[in-house]
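K.L.:
could you look at this predicted model? Sequence included:
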Amino acid sequence: MADQVKVAARSRRGTFVPRATVMDADDVRRALVRIAHEILERNHGSGSLVVVGLQTGGVPLAEHLVALLADIDGADVPLGVLDVAFYRDDIGLRPVLAEEVTRIPVELSGRVVVLVDDVLFTGRTVRAALDALADHGRARSVQLAVMVDRGHRELPIRPDYVGKNLPTRRDEVVEVGAAGVRIGEVVALPGPEGAR
Amino acid sequence: MSRPGLLSVADLGRGGIVEVLHLADSFAEVSERAIPKVPALRGKTVATVFFEPSTRTRLSFEAAAKRLSADTMSFAAATSSVTKGESLRDTVETVDALGVDVMVVRHASSGAPAQVARWVDACVVNAGDGQHEHPTQALLDCFTLREALAARAGSPPADDLAGVRIAIVGDVRHSRVARSCVLAFGALGARVTLVGPATLMPPTTQGWGVEVRHDLDEVLPEIDVCYLLRLQSERLREALLPSLGEYSERFGLTRDRARRLDPDLLVMHPGPMIRGLEIASGVADSARSLVTRQVHNGVAVRMAVLFRLLAGGLPSEPTGAGPAADEASPAGSGQGGARHG
C-alpha cells in the first residue's frame, strides 16, 4: 500500500480514478497460491529457484509468492528486487529515475529465475529486466509471473504464469494494490498542475 | 541556449540533492557488481574540459561516464590549442560542435562554467570554478557522510544530516569546496561551523547560515565531523599567513591534536591532501578518516548526476507513439519512471 501511495504522490499528470474492481484482495491471494503451485509443478520443486520482483509493483507480490512457496514446499527461496531504470529503452525520451536499489542476493548462473510484476502491458519493462538480469549471471531459465496481463504487447514477450487476463483499452489504467486489482482512468487534475 | 546543467548546489535544492543521493545508492550497487556497467547512457557523449589540473575529479567523471556506457572525450588546456591563443569561447564551441551531450568544465575563474553554459548546447556540469563552487564534491561528501553515519547507527542511510555538527576547517576563503559544502550540508539540515584564521575567511558569511570560529581546539569537542580543506598555496598571493608551520600548529589535525579527539569524530578531506600540513599522516590513514570513501563514492555520485541530467530531468513532452502510450498510468507518469511495461 505504501508503494501505491508513493506512486500516486509522484503522479504529475493527473489522478487515478478507478471505475471497477476486477479482483479483490482475496482473488489476488488465490491467484498467487495457484501461481505458486504452478511454479513448483513446472520446475519439479523449488530447488534452484530465485524469485525476483520488479520495482515497484512486482515487489510486494514477489514477497508474498516467496512466503507461499515456503508454506507449500517448506522451501527458503531467495528473493531479489530489480530496478530496470538503467536498462530502459526510453531513457532520454521521458524522465526516468531509479525507484530503489537493485538487490540480487545470489549469483544467478545456473538458477531458474521467476520474474514477478504486477501488470504486463507493452513488454518493455520485461525486456529491460532480461538485460538487467544478464548482468547478474547466466540464469538457466527465466520465467515470468504477472498478476494481470492486459495485452497491447509491443515486443515478443509472453508470461508463464498469469493471475488474470484482462482485456483493456490502451488509455485505461490498471492498478494492483492492497485493495486488489482496479481498472480506471487517469484524469487531469484541475488547477495549474492539470492545466499543462 | 544550454540545457539544464549543474553549476551550483543551489540549482538542486534539498529535493534535488536527495534525488541524487538516492540515485547514487542505485549506482553504488552497480559499482559493486562483477561487471560494473549499465547501458543507461549508450550513445551519449560526455566531454571533460579542464582548464586547470586535476587527478581525481577528471578520472572520477570519466569512470562515471564509462560505467553508464557513455562515450568520453577529454580536453586538457595544457595540451590544446589554448596554448596557441585560442579563446575560451572558441575552445568550448569547438568541443560542442563535435556533438557532446554533457560538458564537464573546470576553470580557474569563478563563473566560467556558467559562461560556457550560455555558449554551448550541451549540459554543463561545473567540476570546480575558481573560488566559487565544486558541486559534485559536496554531493559525494553528503553521500559519504550519510553512509558513514548509517553504518555507525546500523540503519539505512537517512535523507538528511539533521543535527550533525560539521566544522569546515582551513582556507575557506579560497575554497570552492567549502562554498558547495556549506550549501549542501546546510540544505540537509547539518549545523556548519567554519574554522580558520580571519585572513582565510571570506569577507562576509552573511546569509551562509554558519558560525565562524577561530580556535580549532575549542571547536573540536563540539563537533561530529571535522572537514579539513587543503591550504591552497597556489591561490595565496598575499601574505595571509605568518608561516605554514604556524598554520599547521593552530589549524591542522596534527598527531598531537589527534590524540585528544573524541573516538567517534569523523575526518573528511576533499583531496589532494598535504600531509603534515593540514592533516597528519596518521590521521589521514586512521579508521576515523573517510578520505578513501570520498574518492570511492565520487564515481557513483557522478553517475547519478550525469544520469539525472540526461535521463531524469527532461521536460515531459509527448513522445508520440510507442512507449509513450503507457504514460497515462499512475506509476508511469511521474519522475519515478515507467512501469507496467
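P.N.:
On my side now, so go ahead. In this text, all values refer to a predicted model and were calculated from it rather than measured experimentally.
K.L.:
what about residue 173, how many residues close to it?
P.N.:
Went with chain A since none was named. 27 (other Cβ atoms under 10 Å in any protein chain shown). Backbone N, C-alpha and C define where each C-beta goes, glycine included.
K.L.:
wait, I meant chain B there
P.N.:
21.
K.L.:
mind listing the strands for the stretch 51-200 of chain B?
P.N.:
B:71-76, B:102-107, B:123-129, B:165-169, B:191-195 (DSSP state E, counting those that start in this stretch).
K.L.:
give the contact list for the residue in the stretch 151-300 of chain B that chain A sits nearest to.
P.N.:
Nearest residue of the stretch 151-300 of chain B to chain A (Cβ to the nearest Cβ) works out as residue B:156 at 9.8 Å. For residue B:156, the contacting residues are residue B:150, by Cβ atoms under 8 Å, 6 or more residues apart in numbering or on different chains.
K.L.:
swap in residue A:21?
P.N.:
Counting by Cβ under 8 Å, 6+ apart, residue A:21 touches A:179, A:180, A:181, A:182.
K.L.:
count the neighbours of the residue lying closest to the first one once chain neighbours are set aside for me.
P.N.:
Translated: residue A:179. Leaving aside its chain neighbours, residue A:179 sits nearest to residue A:25 (6.3 Å; criterion: Cβ to Cβ, 6 or more residues apart in numbering or on different chains). Residues lying near residue A:25 (other Cβ under 10 Å) number 13.
K.L.:
was I right to think residue A:25 contacts residue A:180?
P.N.:
Yes - shown here, residue A:25 and residue A:180 form a contact pair, counting by Cβ atoms under 8 Å, at 4.9 Å.
K.L.:
any weak-confidence spans in chain A?
P.N.:
Counting by pLDDT under 70, chain A has low-confidence residues at A:1-13, A:189-196.
K.L.:
before we move on, which element is the residue sitting nearest the centre point of it in?
P.N.:
Central residue of chain A (Cα atoms, centre = their mean): residue A:117, 1.3 Å from the mean position. Assigned by DSSP states H and E, residue A:117 belongs to strand A:112-120.
K.L.:
tell me the mean pLDDT for stretch B:271-278?
P.N.:
Stretch B:271-278 shows a mean pLDDT of 92.
K.L.:
any idea how far it is from the chain center?
P.N.:
Relative to its parent chain, stretch B:271-278 has a centroid offset of 18 Å by Cα atoms, centre = their mean, to the nearest Å.
K.L.:
quick one: buried residues of that stretch?
P.N.:
B:271, B:273, B:274, B:277, B:278 (16 or more other Cβ atoms under 10 Å in any protein chain shown).
K.L.:
swap in stretch B:215-232?
P.N.:
Neighbour counts using 16+ other Cβ under 10 Å place B:216, B:219-220, B:223-232 of stretch B:215-232 among the buried residues.
K.L.:
farthest-apart pair in those residues, please.
P.N.:
By the measure Cβ to Cβ, B:224 and B:232 form the most distant pair in the buried residues of stretch B:215-232, at 25.5 Å.
K.L.:
correct me if wrong, but residue A:156 is in a strand.
P.N.:
No - secondary structure of residue A:156 (DSSP: H, G, I helix; E, B strand; the rest coil): coil, not part of a strand.
K.L.:
name the nearest residue to it, ignoring sequence neighbours.
P.N.:
In this structure, residue A:156 finds its nearest non-sequential neighbour in residue A:123, 7.8 Å apart by Cβ to Cβ, 6+ apart.
K.L.:
would residue B:256 count as being in a strand?
P.N.:
No - going by three-state DSSP, the assignment for residue B:256 is helix, not a strand.
K.L.:
what about it, how many neighbours?
P.N.:
Residue B:256 sits with 10 neighbouring residues when counted by other Cβ under 10 Å.
K.L.:
and it, what pLDDT?
P.N.:
For residue B:256, the predicted pLDDT is 92.
K.L.:
the closest residue to residue B:7 other than its chain neighbours and chain A: what is the separation?
P.N.:
The shortest distance from residue B:7 to any non-neighbouring residue, by Cβ to Cβ, 6+ apart, is to residue B:126 (4.8 Å). From residue B:126 over to chain A the distance is 22 Å, taken as Cβ to the nearest Cβ, to the nearest Å.
K.L.:
tell me where the longest helix sits in chain A.
P.N.:
Counting by DSSP state H, the longest helix found in chain A is helix A:25-42.
K.L.:
next secondary structure after it?
P.N.:
Past helix A:25-42, the next helix or strand by DSSP H and E is strand A:49-54.
K.L.:
what ranges do the helices span in chain B?
P.N.:
Under DSSP H, chain B gives helices at B:13-31, B:56-67, B:88-97, B:112-119, B:135-153, B:176-187, B:216-219, B:244-251, B:255-259, B:281-284, B:291-307.
K.L.:
okay then, goodbye and thanks.
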